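Participant: coordinates only, sequence not included:
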DNA sequence: CTAAATTACGAACGGTCGTTCGGAAAGTCA
DNA sequence: TGACTTTCCGAACGACCGTTCGTAATTTAG
C-alpha cells in the first residue's frame, strides 16, 4: 500500500469515528487535521472536496458493515440460522464497535440526510436500499426453506427488523436506557416467533 | 401579545421549519434572519444565545406535539381506544404537519444529539423520556381496563410503539418507500393484536 | 544514486459563524 | 401628546469554514 493510500485510510478511520458522533455536519477538515496532526491542505488533497470525503466515508462504512455483519452471516446455513446470525452480527456491530464511538454511522446519517437532497443523500439511500434488499431476500430464503410462514411478507419482516435497530439506538444512546439491548432481543425473538412456520 | 413575543413566535415557527429539515447544526442565526427579512442582531436579541434558541425550539415543539397528539387522545375512552387515538394523532403529526417540512423534529434531533453531551441533549432526553412515560402509563391503563393482556410488559409495548414511528420516518423520508405508512399501520395492528387480552 | 512522481505544507482567499455594542426606531402607557 | 421602555438595526469582532496555490519534503522507480 502506497504512502498516500495509507494516509487516506488513517484519515477515513478518524473521520468515521468523528462522524459517528457528530454527523457529517459536525466534522470539518480543520478538526480532522488537528486530531491527526497534519495540515488542512494536506488532508484536503486526498479527497478534493468535503463532499468526496463524505462519499468515501459512506463506502468505507458500508465495506466494514458488510465484512462484519453480512459476510459472517452468509456462512451460516440458509434460512432462519442465517437470519439469526445476521441479527447477532448486527447487534455486535451496534454495540461493540470501537471504530464508531457514536454508534452506527448510517443511523446518524439517516436522520441527518433524509430531507437534504444531493449526492450524499442519494448515495446513502442507495446503500440502505441495498441492505433492505438483502434482508428481504434472506426472509424469502427462510420461507423457501420452510422456516418461515409461506404467507409472511418478506418486506414487512425487513421493515420490522430494521425498526428494532433504529429503536435500539434511540433507547440506548439517547435515553440511556439500560434495558435497551434486552428489549431489542425481545423484539427480535417476538418477530421470529410470529414469522415462524406452524408445522 | 406584545410585539416582542409576537416576533419571537414568528422566529420560532420559521426556525422549527428549518430545523426539522437541517437539524440544529444546520440552522444559523444569519440564515433565519435572511428568511424573515430581519437583522441577525435583532433576531439574536430574542434569545441571547443559539443554545437558548435551541432549547426554546424543543419546548415549542413539545408543546405542539402535546396539543396535537396527546390532548386529543386523552379525550378518548381509557384503554385501547385511547391508544388507538394516540397512534392516529401521532401518525397525523408525522405525515401532515405543514409546520415541520422535514418531519418530526424529535426524530431528527434524536440521532443528532444522542452522543453530544450538553444542555440541549439533556433537555431533549428528558422530553422524550417523559413521552415514554405517557405511553407506558397508557398501556398500563389498557391492561387495567382488561383490553390488554395482564402479563403484557408496558415498557416493551412503548418500546415497540416508538419503534414504529422511528422506522416510519426512515422508510418514508430516507428510502422514499411508498409503502411506509401502510407498513407502519400493519406493524401497529400487529402490536395491538399480540397485546390484546384473550377473553 | 538519481530523477521523476507523489505527498504534505503554509499562507492566504472570500464567506459565514455566534456574539457584542451603541444608537435609531417603534411600541406602550400616562 | 409626551416620556419611557421595548424592540430592532448596522457595524464590527475573532474564529472557523472549504478551497486554492506555489513550493518543499518525501516516496517511488529506474
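Facilitator: Here it is on my side, so go on. What you see is a predicted model; the values in this text were computed from it and never measured. Numbers count the residues shown, from 1 in each chain, chains lettered A, B, ... in the order given.
Participant: and chain A, which residues reach DNA strand C?
Facilitator: Chain A has residues A:2-5, A:7, A:38-43, A:45-46 near DNA strand C, with proximity defined as CB under 7 Å from any atom of the strand. Every C-beta, even on glycine, is put in place using the N, C-alpha and C of the backbone.
Participant: most surrounded residue in those residues?
Facilitator: Comparing the residues of chain A next to DNA strand C by number of neighbours (other CB atoms under 10 Å in any protein chain shown), residue A:43 comes first, having 22 neighbours.
Participant: ok, and the closest non-adjacent residue to that residue?
Facilitator: In space, residue A:43 comes closest to residue A:33 once its chain neighbours are excluded; the distance is 4.7 Å by CB to CB, 6 or more residues apart in numbering or on different chains.
Participant: how close does that neighbour sit to residue B:109?
Facilitator: 29 Å (CB to CB, to the nearest Å).
Participant: quick revisit: just give me the closest of the residues of chain A next to DNA strand C to residue A:154.
Facilitator: The closest of the residues of chain A next to DNA strand C to residue A:154 turns out to be residue A:5 (CB to CB; 39.5 Å).
Participant: quick one: the closest one is in a strand?
Facilitator: No: going by DSSP: H, G, I helix; E, B strand; the rest coil, the assignment for residue A:5 is helix, not a strand.
Participant: and the pLDDT at it?
Facilitator: Per-residue confidence (pLDDT) for residue A:5: 96.
Participant: ok, now residue A:49?
Facilitator: We note a pLDDT of 98 for residue A:49 in this prediction.
Participant: next: residue A:199.
Facilitator: 67.
Participant: what do you get for residue A:105?
Facilitator: 98.
Participant: gap between residue A:65 and residue A:113?
Facilitator: With CB to CB as the criterion, residue A:65 and residue A:113 are 17 Å apart.
Participant: which one's more surrounded, these two?
Facilitator: Using other CB under 10 Å, the more surrounded residue of residue A:65 and residue A:113 is residue A:113, with 24 against 21.
Participant: which residues does that one contact?
Facilitator: By CB atoms under 8 Å, 6 or more residues apart in numbering or on different chains, the contact set of residue A:113 is A:24, A:120-121, A:124, B:174.
Participant: just the closest of those to DNA strand C, please.
Facilitator: The closest of the contacts of residue A:113 to DNA strand C turns out to be residue A:24 (CB to the nearest atom of the strand; 15.8 Å).
Participant: spit out the contact partners of the closest one.
Facilitator: A:54, A:57, A:109, A:112-113, A:120.
Participant: out of the residues you listed, which is nearest to chain B?
Facilitator: Nearest to chain B among the contacts of residue A:24 is residue A:112, at 6.2 Å by CB to the nearest CB.
Participant: touching, that closest one and residue A:26? I think so.
Facilitator: No: counting by CB atoms under 8 Å, residue A:112 stays clear of residue A:26, with 9.1 Å between them.
Participant: neighbour-wise, which of the two wins?
Facilitator: Between residue A:112 and residue A:26, counting by other CB under 10 Å, residue A:112 is the more crowded of the two (26 against 17).
Participant: can you pull out the low-pLDDT segments for chain A?
Facilitator: A:199 (pLDDT under 70).
Participant: quick one: contacts for whichever residue of it sits closest to DNA strand C?
Facilitator: The nearest approach of chain A to DNA strand C comes at residue A:4, 2.1 Å away (CB to the nearest atom of the strand). Going by CB under 8 Å, 6+ apart, residue A:4 touches residue A:46.
Participant: does residue A:176 lie in a helix or a strand, and which?
Facilitator: Counting by DSSP states H and E, there is no helix or strand that carries residue A:176.
Participant: what number of residues lie near the nearest residue to it once chain neighbours are set aside?
Facilitator: With sequence-adjacent residues excluded and distances taken as CB to CB, 6+ apart, residue A:176 is closest to residue B:125, at 7.3 Å. Neighbour count of residue B:125, defined by other CB under 10 Å: 17.
Participant: likewise residue A:94?
Facilitator: By the measure other CB under 10 Å, the count of residues near residue A:94 is 20.
Participant: so what's the backbone phi/psi at residue A:148?
Facilitator: phi -110, psi 150 (degrees, to the nearest 10).
Participant: now it: how far from chain B?
Facilitator: Using CB to the nearest CB, to the nearest Å, we find residue A:148 at a distance of 15 Å from chain B.
Participant: and the closest residue to that residue other than its chain neighbours, what element?
Facilitator: Using CB to CB, 6+ apart and skipping the chain neighbours, the partner closest in space to residue A:148 is residue A:142 (4.1 Å). Secondary structure from DSSP H and E places residue A:142 in helix A:119-144.
Participant: now do the buried residues in that helix.
Facilitator: For helix A:119-144, the neighbour count (16 or more other CB atoms under 10 Å in any protein chain shown) marks A:120-121, A:123-125, A:127-128, A:131-132, A:134-136, A:138-143 as buried.
Participant: which residues sit against the next helix or strand after that helix?
Facilitator: Later in the chain than helix A:119-144, the nearest helix or strand by DSSP H and E is helix A:154-169. Here helix A:154-169 makes contact (CB under 8 Å, 6+ apart) with A:87, A:90-91, A:94, A:103-104, A:107, A:110, A:132, A:135-137, A:139-140, A:143, A:148, A:180-181, A:183-184, A:187-188, A:191, A:195, B:111, B:114, B:159-160, B:162-164, B:166-167, B:170-171, B:179, B:183, B:186-187.
Participant: ok, now with 7 Å
Facilitator: A:90, A:94, A:103-104, A:107, A:132, A:135-136, A:139-140, A:180-181, A:184, A:187-188, A:191, A:195, B:159, B:162-164, B:166-167, B:170-171, B:183, B:186-187 (CB atoms under 7 Å, 6 or more residues apart in numbering or on different chains).
Participant: just how off-centre is it within its chain?
Facilitator: When distances are taken as CA atoms, centre = their mean, to the nearest Å, helix A:154-169 is centred 12 Å away from the chain's centroid.
Participant: picking up where we left off before, more neighbours: which of residue A:33 and residue B:109?
Facilitator: Between residue A:33 and residue B:109, counting by other CB under 10 Å, residue B:109 is the more crowded of the two (27 against 18).
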